[in-house]
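Return atomic coordinates for the entry below.
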Amino acid sequence: MNIKLLLLAAFITFNFFARAQNTSGLQGSVSNELSAPLEGASITILNTNFSTFTSEDGDFQFVDIPYGDYVIQVSAAGYASIHREVQLPADSRLDLQLSRAADQLDAVTVTAQKREENLQRVPLSISTLPARKVEEYHLWNGKDLAAIVPNLYAANPGDNRNVVSIRGIATTSYDPAVVTYIDGVSQFGLDTYIAQLLDIERIEVLRGPQGTLYGRNAMGGVINIITRQPGNTSSGYVRADIGNYGLQRYGFGLRTALVENRLFLGAAGMYDQTDGYYTNVFDDSDYDQAQSFMGNYYLKYLASSRWSLTLNVKHDQNRNQGAFPLVSSPEEALENPFDVNQNAVTDLVDKVFNASLSANYYGEAVNFSSQTAWQSNHRYYTQPIDGDFSPADIYSIINNYGRDWNNVKVLTQEFRFSSTGSDDSPFEWTAGLYGFYQDNPVRQGTHLGKDVEFADMDPSMANTTTITTNEGSGFGVAVYGQGTYRLTEKLAITAGLRYDHEEKELSVKGEFLQGEQPPMIIQPDTAADAGFNAFSPKLSLAYDLSERHHTYLTYSRGFRAGGITQYSGQPNQPPLYSYEPEYSNNFEAGIKNMLAGGKLRLNFSAFYMKVTDAQVPTLVLPQAITITRNVGELESKGLEMEVAATPLKGLEAAWNFGYTDAVYTSLQVPGEEGTLNLDGNRQLFTPNATSMLSLQYTYTPPSHPGIQLIAGGQWQYTGSQYFDLKNTIEQAGYYLFHARAGVATGKFEVFAWGRNILDKTYIDYAYDFRAAHLGDPGTFGVSVTARL
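Below is the predicted model of the structure:
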């Protein structure tokens, strides 16, 4: 009976949303600057399900579009995107002309406020990288965004998880401080996050707290990654990259309509392998050889012009023969770069699986979306990890205890409602409900080997193992709303509020093994639970100085979720205690400008951020457990500038600059001889400046207009930074140079490229116990792409 009532309710709801209304058609054409028709240009009506591609004659057509006001986005490979406002039924014909991308800046669409908008009109600090820039900047992994985006730093701690900071808000635990969304799905933690970039449509980076719309862990900002989706027109590519260090990278993408205007399929995949950058001098072998295979698959169904269902599946399987290529100190890493000396070598196996089902309705009075997502990660090491990073057999870490352990699973659900934006109302709004459940069983052992006396330990402790078992789970719910009201034609106010509630449970047990003896319980199975609440408000004023000049003032708040942690690594200490959420309060002013007839974009922002209840994690060795405490307050202030221009025909230039002064105003941490007062110390993983200058020149021979000769490069600067709270492990500022040159036609591309072409050696990550990891050395290669 209950099922029948549920089906009846669903039927009534569907029919309520799908009620009849007046509709119109829209047709037109797209051509280039020479008035030649452009085939395959993308036409999208923003904030609707309507999208199509132009025919061989450059024509397009839509039918059954409800009356209203809309914004049309038009884009094509090699051309600058444009926006056009239309009013239906009055504007039923639209003839458009595109300019070469090298001669005109793109009109950029972003979804920062959970709806599609023009970048320049959003009162936020946002960096946007369309697919063309992702290729130009050679962005293969999320960590490659470092310094390209102002005040963003990203690094690899040795296990291919990305540690990201924005504006001095740094990820220092498995709960990130900068949240990543991929195709609308929050990558819940570092374990379930897919770092490699594949078949990208665009990347948006929102700087500053975004708690109101994005919730937990959006303290420092949001990285929003959108991949390409299928449509009516078939398209695709195959690609191969060959480079030094044994690099081989092969990829493909295919998008097509299975049933025209109804059912669409998209698939993309990539396999890559490398011999690694490191040599293990212990046995003179390649150390960090790696292979990975990832895929991204879409099945999209348009039930009508208003309803759509999208199934998306992503997976990423990695294997690394030599995870954690670390040495004992930064000095050793710089003196003997890319050499390790480890007696224990293991394979990292990392399997990530993410799936989501989205339902979207674009209505006459309200828009509705539902997204259900499942994420899982099984990550283990086939053999013990070398925990002392030396040729001696002192410490090793074991975590291969079967599929029931170290296998994280997350279920999320979001319902979102919003105004349609297709009428003349001065009020736009978004509201939603969000919930999650997480299961995180972890078992890890610390083994003491035959050389324990080298660590001043009792020789009788040799061949013993301490096993820690943590079984954690959590769930949370949130409700949020945000609205923008246009007070006058030039002035708008935005206000929003989000409430999050989370519950977490953790049980911990400790066991001691010696030789063949039965395990001894050294910490009884102990459980704890805790609940947390967080409010995330936002208030913003935006003023249009003119059609091309926009300014704003914004206050926003973000939080990083609280949790439960072990008190210490010693069995005689209290086993568990809770720590509170960490909060960031941000005050920001900015101005956005389009100048020189759309050939120059200049955006500037200044911010001040206050962080309270700062969570400070400490990695305890040899147990390899992380203890987190609320022991600090942080202030971060700085400036950001983004410039993009097409100063000469064929020349594209960009300069992004960021400055951050992030200092702990209060920081008391435990030390070997009591509490350490670290007031005034700089935040870790936070360069004091970032800068990126990019130049690219495109030449089209007059006798061969279908051929483009392209050459470009980037200069990046990362300022000085510290890797520990005591500010004793420092990396001075350094420069990196990248270059790319080749030829492109509509169907074929060949490029030679180089990354870090001056082969600069630098530390990109170090632990507070001084183990260090280097940034990538100079790499070179050739890329070949064929498009269908």
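
What ranges does the stretch 201-350 of the chain have for its strands?
Applying DSSP state E, counting those that start in this stretch to the stretch 201-350 of the chain gives strands spanning 221-227, 235-243, 248-259, 263-274, 279-280, 285-286, 289-302, 307-321, 339-340, 347-362.

Partner strands of the first one, with direction?
Translated: strand 221-227. Taking DSSP bridges as the criterion, strand 221-227 forms sheet pairs with strand 178-182 (parallel), strand 200-207 (antiparallel).

how far off strand 200-207 does the helix or strand where residue 637 lies point, in degrees?
In this assignment (DSSP states H and E), residue 637 forms part of strand 625-648. In terms of direction (axes from the mean of the first three to the mean of the last three CA atoms, to 10 degrees), strand 625-648 departs from strand 200-207 by 110 degrees.

So which bits of strand 625-648 are buried?
Under the neighbour-count criterion of 16 or more other CB atoms under 10 Å, strand 625-648 has 625, 627-632, 634-646 buried. For glycine as for every other residue, the C-beta is placed from the backbone atoms N, C-alpha and C.

any idea which helix or strand comes after it?
Per DSSP H and E, strand 625-648 leads on to strand 651-671 as the next helix or strand towards the C-terminus.

Save the strands of the stretch 201-350 of the chain as JSON lines, and put in distance to residue 27 and mean neighbour count too.
Shown next, in JSON lines, are the strands of the stretch 201-350 of the chain (distance: least, CB to CB, whole Å; neighbours: other CB atoms under 10 Å):
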{"stretch": "strand 221-227", "distance to residue 27": "27", "mean neighbour count": "24"}
{"stretch": "strand 235-243", "distance to residue 27": "22", "mean neighbour count": "16"}
{"stretch": "strand 248-259", "distance to residue 27": "19", "mean neighbour count": "17"}
{"stretch": "strand 263-274", "distance to residue 27": "21", "mean neighbour count": "19"}
{"stretch": "strand 279-280", "distance to residue 27": "63", "mean neighbour count": "20"}
{"stretch": "strand 285-286", "distance to residue 27": "59", "mean neighbour count": "15"}
{"stretch": "strand 289-302", "distance to residue 27": "19", "mean neighbour count": "18"}
{"stretch": "strand 307-321", "distance to residue 27": "22", "mean neighbour count": "19"}
{"stretch": "strand 339-340", "distance to residue 27": "63", "mean neighbour count": "20"}
{"stretch": "strand 347-362", "distance to residue 27": "20", "mean neighbour count": "19"}
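
By mean pLDDT, show me the worst of these.
With a mean of 89, strand 285-286 has the lowest mean pLDDT of the strands of the stretch 201-350 of the chain.

Strand partners (parallel or antiparallel) of it?
Per DSSP bridges, strand 285-286 is paired in its sheet with strand 279-280 (antiparallel).

Can you tell me what sits against the partner strand?
Applying CB atoms under 8 Å, 6 or more residues apart in numbering, the contact partners of strand 279-280 are 285, 286, 287, 322, 338, 339, 340, 341, 342, 345.

Try it again at 10 Å.
Here strand 279-280 makes contact (CB atoms under 10 Å, 6 or more residues apart in numbering) with 285-288, 322, 325, 336, 338-343, 345, 386, 391.

pLDDT of the longest strand anywhere in the chain, averaged?
Secondary structure of the chain per DSSP state E: the longest strand is strand 520-546. Summarised as a single mean, pLDDT over strand 520-546 is 89.

so where is the chain shaky, pLDDT-wise?
1-21, 173-174, 422-423, 566-575, 619-625 (pLDDT under 70).

Domain-wise, how is it divided?
In the domain annotation for the chain, the residue ranges read 21-99, 225-787 (automatic domain parsing).

I'd like those domains written out as TSV, with distance to residue 130 added.
Shown next, in TSV, are the domains of the chain (distance: least, CB to CB, whole Å):
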stretch	distance to residue 130
domain 21-99	7
domain 225-787	10
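
For residue 219, find the nearest of those domains.
domain 225-787 (4.0 Å; CB to CB).

okay, how far is it across the closest one, tip to tip?
Separation of the first and last residues of domain 225-787 by CA to CA, to the nearest Å is 22 Å.

Now do it: distance to the chain's middle.
6 Å (CA atoms, centre = their mean, to the nearest Å).

mind checking which of the strands paired with strand 221-227 is nearest residue 112?
strand 200-207 (5.3 Å).

which one is residue 61 nearest to, not counting chain neighbours?
The shortest distance from residue 61 to any residue other than its chain neighbours is 4.3 Å, reached at residue 27 (CB to CB, 6 or more residues apart in numbering).

Was I right to think that neighbour contacts residue 59?
Yes: contact criterion CB atoms under 10 Å: residue 27 and residue 59 qualify, at 7.2 Å.

Could you tell me which residues touch both of the two?
Taking CB under 10 Å, 6+ apart as the contact rule, residue 27 and residue 59 both touch residue 95.

Now residue 84: which helix or strand?
Assigned by DSSP H and E, residue 84 belongs to strand 82-88.

Buried residues of the following helix or strand past that strand, list them for me.
Sequence order places strand 93-97 as the next helix or strand after strand 82-88, per DSSP H and E. Buried residues in strand 93-97, counted by 16+ other CB under 10 Å: 94, 96.

contact partners of the next helix or strand after strand 93-97?
The helix or strand immediately downstream of strand 93-97 is strand 109-110, counting by DSSP H and E. Strand 109-110 has contacts (CB under 10 Å, 6+ apart) with 44, 46, 71, 73, 75, 81, 83, 116-122, 124, 126-128, 130, 202, 204, 206, 224, 226.

ok so, going back, in TSV: the strands paired with strand 221-227, plus mean neighbour count and distance to residue 298.
Compiled in TSV, the strands paired with strand 221-227 are given as follows (neighbours: other CB atoms under 10 Å; distance: least, CB to CB, whole Å):
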stretch	mean neighbour count	distance to residue 298
strand 178-182	24	13
strand 200-207	23	12
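
can you map out the helices along the protein?
2-17, 131-136, 211-214, 330-335 (DSSP state H).

Not counting residues beside it along the chain, what's closest to residue 262?
Using CB to CB, 6+ apart, the closest residue to residue 262 is residue 302 (5.6 Å).

Now do the contacts for that neighbour.
With CB under 10 Å, 6+ apart, residue 302 has these contacts: 49-50, 232, 257, 259, 261-264, 308-310, 360.

Same check on residue 380?
Residue 380 sits next to 346-351, 398-403, 405-407, 443 when contact means CB under 10 Å, 6+ apart.

Report the beta-bridge partners for it.
Here residue 380, judged by DSSP bridges, has bridge partners residue 349.
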